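Undergrad: the amino acid sequence is not available; the structure is as follows:
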């Protein structure tokens with residue numbers, strides 16, 4: 001399965017908006033009630049919140065963003081693409097340091113727009129590389145584990161096996 005041209009264009013527009021810090025362009029790719037679920041910052045509901053997340057949070061904590069989507073696959077309802085993402089940090093933990101991640105984006109689609117976007121990546125190693133304190137990493141890891149435990153079917157995976 002490969003991604004239709006429309007999904008590939010959506011990914012290009014997504015990356016371009018993030019790289020440019022154009023919150024309005026990013027938000028326009030989402031449905032009115034769309035959700036951006038960021039692995040670090042949490043969920044942002046609706047176009048205004050998504051716009052502000054990019055312009056007031058992403059671009060507060062970083063600059064010089066690059067986002068490259070690879071190997072996209074999709075149906076009319078869902079799309080997946082692996083990604084490479086990097087930026088130059090501007091926080092006290094990583095000011096001036098180039099930070100890079102790899103992961104997978106999960107795009108829940110409705111009528112050609114993003115109804116929900118979710119990051120999937122192992123972020124612990126890059127966080128350490130950025131100099132983020134262990135207590136902050138521990139707090140984030142706890143949040144991620146709680147999110148896993150709340151997923152449908154996770155209880156089955158957490159049962160002790162004989």
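TA: Structure's in. What do you need? Predicted model, so just to flag it, every value in this text is computed and none were measured.
Undergrad: where along the protein do the helices fall?
TA: Assigned helices in the chain, in chain order: 5-20, 23-27, 47-52, 59-61, 124-129, 134-150, 154-158 (criterion: DSSP state H).
Undergrad: contacts only, for residue 155.
TA: Listed by CB atoms under 8 Å, 6 or more residues apart in numbering, the contact set of residue 155 reads residue 149. Every C-beta, even on glycine, is put in place using the N, C-alpha and C of the backbone.
Undergrad: where's it relative to residue 39, distance?
TA: Residue 155 sits 22 Å away from residue 39, going by CB to CB, to the nearest Å.
Undergrad: please apply the same query to residue 79.
TA: Per CB to CB, residue 79 is found 18 Å from residue 39.
Undergrad: the two: which has the busier surroundings?
TA: Using other CB atoms under 10 Å as the criterion, residue 79 and residue 39 rank with residue 79 on top: 24 against 17.
Undergrad: the residue nearest the centre of the chain pairs with what?
TA: By CA atoms, centre = their mean, the chain has its centre lying nearest to residue 119, at 3.6 Å. Here residue 119 sits in beta bridges with residue 105, as judged by DSSP bridges.
Undergrad: one step back: mean pLDDT lowest where, among the helices of the chain?
TA: When mean pLDDT is averaged over each of the helices of the chain, helix 124-129 scores lowest at a mean of 77.
Undergrad: most tightly packed of the helices of the chain?
TA: Among the helices of the chain, ranked by average contacts under mean count of other CB atoms under 10 Å, first place goes to helix 23-27 (a mean of 20).
Undergrad: show me how far it is from its chain's centre.
TA: Relative to the mean C-alpha coordinate of its chain, helix 23-27 is positioned 15 Å out (CA atoms, centre = their mean, to the nearest Å).
Undergrad: counting by contacts, list what that helix packs against.
TA: helix 5-20, helix 47-52 (3 or more CB pairs under 8 Å, 6 or more residues apart in numbering; DSSP states H and E).
Undergrad: which residues sit against that helix?
TA: Contacts to helix 23-27, defined as CB under 8 Å, 6+ apart, come from residues 13-14, 16-18, 34, 47-48, 50-55.
Undergrad: is it true that residue 94 touches residue 130?
TA: Yes. Judged on CB atoms under 8 Å, residue 94 makes contact with residue 130 at a distance of 4.0 Å.
Undergrad: returning to what we had before: between all of the contacts of helix 23-27, which two are separated the most?
TA: Greatest spatial distance among these (CB to CB): 16 and 48, at 20.3 Å.
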